[in-house]
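Peer 1: just coords:
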């Protein structure tokens with residue numbers, strides 16, 4: 001029996017209304033502003049327009065010239081760093097952190113991330129047309145979505161990425177440090193997803209039991225039906241989520257899939273993982289099933305992006321099942 005349930009926004013709003021206080025509202029507004037334009041330490045974030053142009057003021061590769069132009073004096077104290085953030089959940093996005101140790105305000109109108117790990121430059125997409133004003137001593141974090149990974153079959157061995165910034169004084173290129181290996185890890189996961197997509201598509205569906213306290217997640221596996229029959233992957237296991245815990249029979253493990261196989265499905269018995277008031281109101285990954293797989297020479301865990309109807313069904317199921325406890 002499949003139940004009709006409320007949408008993600010409806011269910012979450014019901015839970016949020018139970019919580020009051022200025023602190024919660026301020027936090028929500030702050031996060032929304034940060035996600036739209038970037039996150040800034042010590043200044044107010046404004047959007048910019050990304051341009052793909054270059055200029056004579058941009059340093060060439062391997063240049064050792066020691067000139068002292070106004071542009072170089074204004075930007076010699078800029079640095080770039082890459083990091084991951086939980087704010088983006090399972091979305092492949094890297095934070096480009098720009099720090100200004102110069103005595104001047106630096107205006108950033110655009111930024112592109114150049115890496116051999118991606119076929120095209122990865123662009124920061126600003127929310128507003130005004131440049132970001134980066135004060136002296138401040139750091140801004142610009143979210144850069146990652147798409148189109150270039151994945152060698154023997155695994156990546158990435159050289160440091162470069163960020164190309166459009167400033168009010170010209171175009172500047174800087175090496176983008178990856179001190180914690182976050183960017184390399186994100187690229188590896190992108191390649192793992194790409195390897196999976198070449199073999200099969202995974203679609204989760206929820207079927208709630210008549211008693212409303214348990215349910216079944218049916219993971220529909222739709223092979224691509226392309227290739228020479230050598231495209232395969234191993235689904236080692238599926239793990240629980242912040243909202244869904246295993247119930248009933250053990251979940252399947254060590255499932256081998258081939259791109260030329262016929263459709264099949266995996267059945268996962270589930271029950272609510274938690275029933276506290278914050279479970280739904282603050283959920284980010286509760287409907288993303290974690291899959292540990294090996295595909296195209298890459299191994300690791302990826303979170304399966306859920307269809308909107310699956311997310312809505314899970315929220316409704318958890319809300320109803322927890323109300324009976």
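Peer 2: Perfect, I can see it now. What you are looking at is a predicted structure, and each value in this text was computed from that prediction instead of being measured.
Peer 1: Show me the helices in the stretch 51-200 of the chain, by range?
Peer 2: For the stretch 51-200 of the chain, the helices defined by DSSP state H, counting those that start in this stretch occupy 70-75, 182-197.
Peer 1: Columns mean pLDDT, distance to residue 113 and mean neighbour count on top of those, output as TSV?
Peer 2: Just so you know, the C-beta spots here come from the backbone N, C-alpha and C atoms, and that holds for glycine as well. As requested, these are exported to TSV (pLDDT from 0 to 100; distance: least, CB to CB, whole Å; neighbours: other CB atoms under 10 Å):
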stretch	mean pLDDT	distance to residue 113	mean neighbour count
helix 70-75	46	18	17
helix 182-197	93	9	20
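Peer 1: In a markdown table: those, plus distance to residue 127.
Peer 2: Shown next, in a markdown table, are the helices of the stretch 51-200 of the chain (distance: least, CB to CB, whole Å):
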| stretch | distance to residue 127 |
| --- | --- |
| helix 70-75 | 24 |
| helix 182-197 | 22 |
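Peer 1: Stretch 216-234: end-to-end distance?
Peer 2: 22 Å (CA to CA, to the nearest Å).
Peer 1: swap in stretch 145-162?
Peer 2: Taking CA to CA, stretch 145-162 runs 15 Å from one end to the other.
Peer 1: so how far is that stretch from its chain's centroid?
Peer 2: What separates the centre of stretch 145-162 from the centre of its chain is 16 Å, taken as CA atoms, centre = their mean, to the nearest Å.
Peer 1: tell me which residues in that stretch are buried?
Peer 2: Of all the residues in stretch 145-162, those buried under the rule 16 or more other CB atoms under 10 Å are 146, 149, 150, 151, 156, 161, 162.
Peer 1: And those residues, which is closest to residue 225?
Peer 2: Relative to residue 225, the closest of the buried residues of stretch 145-162 is residue 151; by CB to CB it sits at 21.4 Å.
Peer 1: Please tell me how far the closest residue to the closest one other than its chain neighbours sits from residue 274.
Peer 2: Leaving aside its chain neighbours, residue 151 sits nearest to residue 191 (3.7 Å; criterion: CB to CB, 6 or more residues apart in numbering). For residue 191, the distance to residue 274 (CB to CB, to the nearest Å) stands at 33 Å.
Peer 1: Scan the helices and strands of the protein for the one with the lowest mean pLDDT.
Peer 2: Counting by mean pLDDT, DSSP states H and E, the weakest-scoring helix or strand in the chain turns out to be helix 22-37, with a mean of 38.
Peer 1: which regions of the protein sit below the pLDDT cut-off?
Peer 2: 1-75, 154-156, 226-230 (pLDDT under 70).
Peer 1: Let me know the distance separating the residue nearest the centre of it from residue 184.
Peer 2: When CA atoms, centre = their mean is applied to the chain, the residue found nearest the centroid is residue 91 (2.2 Å). Counting by CB to CB, the gap from residue 91 to residue 184 is 18 Å.
Peer 1: Correct me if wrong: residue 238 contacts residue 219.
Peer 2: Yes - using CB atoms under 8 Å, residue 238 makes contact with residue 219 at a distance of 7.3 Å.
Peer 1: what residues are shared contacts of those two?
Peer 2: Listed contacts common to residue 238 and residue 219 are 266, 268, 289; contacts here mean CB atoms under 8 Å, 6 or more residues apart in numbering.
Peer 1: Mind telling me what element the second one is part of?
Peer 2: Meaning residue 268. strand 264-272 (DSSP states H and E).
Peer 1: List the buried residues for that strand?
Peer 2: For strand 264-272, by 16+ other CB under 10 Å, it's 266, 268, 269, 270, 271, 272.
Peer 1: Just list whatever residues bridge to the first one.
Peer 2: When bridges are assigned using DSSP bridges, the partners listed for residue 266 are residue 219.
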